[in-house]
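Asks: Below are the sequence and a predicted model; questions follow.
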Amino acid sequence: MTTTESAPAPADEVVLEAVGLTKHFPVRRRLRDLLSRNPAVVHAVDDVSIALRRGRVTALVGESGSGKSTVARLLAQLYPRTGGDIRLHGASTRVHGGRRFRAYVRRVQLILQDPFASLNPVHTVRYHLTRSLRIHGNAGSGPDGLERALADLLTRVSLTPPERYLDAFPHELSGGQRQRVAIARALGADPEVLLADEPVSMLDVSIRLGVLNLLQDLKDRLNLAILYITHDIASARYFADETIVMYAGRMVEGGDSETVTQRPAHPYTRLLTDSAPDPDRITGAGADAEAASERGQGEPPSLIRPPAGCRFHPRCPHAMPRCTTELPPPIPVEDRPGHWAACWLFDPDTVAAGKTGTATATPTAGATAGQEATR
Ligand SMILES: Nc1ncnc2c1ncn2[C@@H]1O[C@H](COP(=O)(O)OP(=O)(O)OP(=O)(O)O)[C@@H](O)[C@H]1O
């Protein structure tokens with residue numbers, strides 16, 4: 001089996017990139033829709049741009065339905081995209097199956113949330129790993145080469161001694177062990193990118209950390225670029241170098257994980273962090289629940305008819321009139337390099353004037369939030 005372990009590669013090199021990625025799913029059509037010029041669609045993902053770099057983890061965070069899994073599936077080329085581009089080492093890539101899809105999958109592997117569903121219950125660990133090694137041409141030469149490659153994969157995911165696990169069936173393993181087998185299977189392709197879609201959310205809390213530590217270790221040793229999808233923003237701080245927050249199909253904030261999770265700028269990210277108590281956070285854990293209720297009530301919007309302007313504005317306690325009509329672009333957050341928020345509170349004119357009103361009420365609330373967030 002070949003490995004990227006010793007391959008010299010520039011640190012931080014962008015391996016896989018989404019540029020303005022957009023996915024609209026058609027809604028089941030009625031006769032009226034068929035006759036319509038603008039048939040109804042679900043705006044699952046709109047204008048998402050992400051760069052995945054060697055040796056770095058990028059977290060994509062958001063609540064259920066925000067479009068995270070759709071981004072992962074688009075990057076895995078399992079769905080055709082409605083718009084935007086996917087670039088592998090800078091080259092625009094669109095594959096529909098066949099040999100080109102296999103070549104792509106060799107470099108970009110997807111790990112799913114539920115390892116039990118992704119492993120066939122009637123086949124052993126040996127079968128799953130052998131298949132991966134063979135499909136991707138990494139099975140070595142002869143039976144000895146294959147045995148070495150299998151042992152190598154299991155050792156990499158800390159399932160040792162390998163012979164204890166090779167002939168086990170998925171139901172004989174714990175959830176954490178199954179997810180390690182799923183990761184080993186992905187490594188059988190010797191990929192450059194891992195797309196990990198909620199890789200620990202179905203595991204017992206006590207074993208989540210072990211699997212995240214394993215992914216982090218693999219990132220370092222194999223110089224992998226990892227997309228870590230999660231609804232748990234606290235884990236992004238621990239595990240990811242960079243964090244991007246999505247709301248209702250759009251990116252709303254991004255930057256280094258420590259900054260985004262500890263000094264969130266966008267009102268939605270503040271709502272997320274307040275809902276996930278963290279003893280180290282500057283705002284103080286005790287006030288978290290109360291603050292969360294002040295910072296935005298309600299439900300995510302319909303993605304068939306998403307709100308105009310900022311999609312968070314119907315829930316945002318700091319919404320200003322322009323938020324209801326103008327889509328905020330990513331705006332740098334004062335004096336924090338690489339930190340941005342798609343929020344008009346950070347528009348230099350708004351900050352300078354200190355006049356953050358609200359579309360719904362409380363004229364001073366917005367000013368407070370904007371000033372706090374940029375502090
Ligand atoms: N195949 C599909 N057809 C129609 N709509 C879809 C399809 N897949 C996803 N959607 C819709 O797209 C939106 C985004 O879904 P997605 O699964 O990407 O969100 P998510 O953030 O990953 O949520 P979760 O954490 O619950 O998986 C949702 O409104 C979902 O209902």
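Replies: On my side now, so go ahead.

Asks: Leaving out chain neighbours, which residue sits closest to the residue in the stretch 101-250 of the chain positioned nearest to the ligand?
Replies: For the stretch 101-250 of the chain and the ligand, the shortest gap (Cβ to the nearest ligand atom) falls at residue 231, measuring 5.6 Å. To be clear about C-beta, it is placed using only N, CA and C from the backbone, and glycine gets the same treatment. Of all residues not flanking residue 231 in the chain, residue 63 sits nearest, at 5.7 Å (Cβ to Cβ, 6 or more residues apart in numbering).

Asks: Give the helix, strand or coil label for that neighbour.
Replies: Put simply, residue 63 is coil when judged by DSSP: H, G, I helix; E, B strand; the rest coil.

Asks: tell me the domain boundaries of this protein?
Replies: Per automatic domain parsing, the structural domains of the chain span 14-29+39-240, 243-374.

Asks: what separates the longest one from the chain centre, distance-wise?
Replies: Here the centre of mass of C-alpha atoms in domain 14-29+39-240, compared against the chain's by Cα atoms, centre = their mean, to the nearest Å, lies 11 Å away.

Asks: Quick check, the residue in the stretch 201-350 of the chain closest to the ligand?
Replies: residue 303 (4.7 Å).

Asks: What are the boundaries of the helices in the stretch 101-250 of the chain?
Replies: 115-118, 125-135, 142-156, 162-165, 175-187, 205-222, 233-239 (DSSP state H, counting those that start in this stretch).

Asks: The fifth one to helix 142-156, inter-axis angle?
Replies: The one in question is helix 175-187. Relative orientation of helix 175-187 versus helix 142-156 (axes from the mean of the first three to the mean of the last three Cα atoms, to 10 degrees): 130 degrees.

Asks: Quick one: work out the angle between helix 175-187 and helix 205-222.
Replies: Inter-element angle recorded for helix 175-187 and helix 205-222: 20 degrees (by the same axes, to 10 degrees).

Asks: so what does helix 175-187 touch, helix or strand wise?
Replies: In terms of contacts (3 or more Cβ pairs under 8 Å, 6 or more residues apart in numbering; DSSP states H and E), helix 175-187 is packed against strand 108-111, helix 115-118, helix 125-135, helix 142-156, helix 205-222.

Asks: that older thread, looking at per-residue confidence, what score does the residue of the stretch 201-350 of the chain closest to the ligand get?
Replies: According to the prediction, residue 303 has pLDDT 92.
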